[in-house]
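Undergrad: 3D, please:
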Amino acid sequence: MCTRKQRQRGSAMIEFTLVGIPMIFLLISIFEMSRAMWNYHTLAFAIREGTRYAAVHGSGCSTDPRNSCQATVAQVARRIQDAGIGLDASELTLTFTSSGNTIKCTLNTCLGTATSWPEAPKNTPGSAIAINGSLPFQSALAMFWPGAGKGITLPTAYLTAGSADIIQF
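TA: Got it, this is the predicted structure:
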C-alpha cells in the first residue's frame, strides 16, 4: 500500500511551476512598466526644462548690448539633452512651435540647427511657445506572448510629452 509520503512526491515541483512561472512574468512586467514610466518622466522633465530655457531667452532678456541671449534651436535642444539623461537622441522627435511656426527634428539634428527660436518678432515678452516630444518605447514583454516564434517584432508605443510657456524676458 502507498504511504502518504509516496503520494506527495514531486508535488513541490508542480506547485512551483504553477506559481513560479506567473510570478516571474509578473516581476518582469513590473520592471518593464517601471522602465516605461522612467522614460516618460525623464522625457517630460527634459521637455519642460527646454521650454523654461526658451521662455527666459526672448528679445528682452538683456539690456547689455554685448550679451545676445536670443536662443537657438541647438541651445534649447542641448538643454533638453542635458536634462534627458538616458533618452535616445536619434529616436526622440521634437516639435518647436511659436505663433504658428513649427520646427520639427530629431534631437540629434536639432543639436546642429543654428536657427533662432523663437524667431523675431515672435520672441517678445508675452508670446506663447511650446515644445512637444515623442519617444518610441519597445517592451520586451511581447517575447513572452504565447505563440510568438522566432523573428518576433516588438510592438512600439510612443511616449509623448509637451510643455507650453509664455516668454518672460
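
Undergrad: do you know how far the residue nearest the centre of the chain is from residue 158?
TA: Nearest to the geometric centre of the chain sits residue 43, at 3.4 Å (Cα atoms, centre = their mean). With distances taken as Cβ to Cβ, to the nearest Å, residue 43 is found 10 Å from residue 158. The way it works is simple: take the backbone N, C-alpha and C, and place the C-beta from them, glycine included.

Undergrad: can you check residue 108 too?
TA: In terms of Cβ to Cβ, residue 108 sits 18 Å off from residue 158.

Undergrad: looking at those two, which is more packed in?
TA: residue 108 (14 against 9; other Cβ atoms under 10 Å).

Undergrad: point out where this structure drops to low pLDDT.
TA: Scanning the chain for pLDDT under 70 picks out 1-9, 61-68, 142-152.

Undergrad: which parts of it are strands?
TA: For the chain, the strands defined by DSSP state E cover 93-98, 101-106, 128-138, 156-166.

Undergrad: nearest to residue 21 among these would be which one?
TA: strand 128-138 (23.3 Å; Cβ to Cβ).

Undergrad: now residue 81: how far from residue 74?
TA: Going from residue 81 to residue 74 by Cβ to Cβ gives 10 Å.

Undergrad: tell me the residues that contact both of those two, please.
TA: residue 111 (Cβ atoms under 8 Å, 6 or more residues apart in numbering).

Undergrad: of the two, who's got more company?
TA: It is residue 81, of residue 81 and residue 74, that has more neighbours when counted by other Cβ under 10 Å, with 19 against 16.

Undergrad: that one: what's it in contact with?
TA: Residue 81 makes contact with 46, 87, 89, 107, 111, according to Cβ under 8 Å, 6+ apart.
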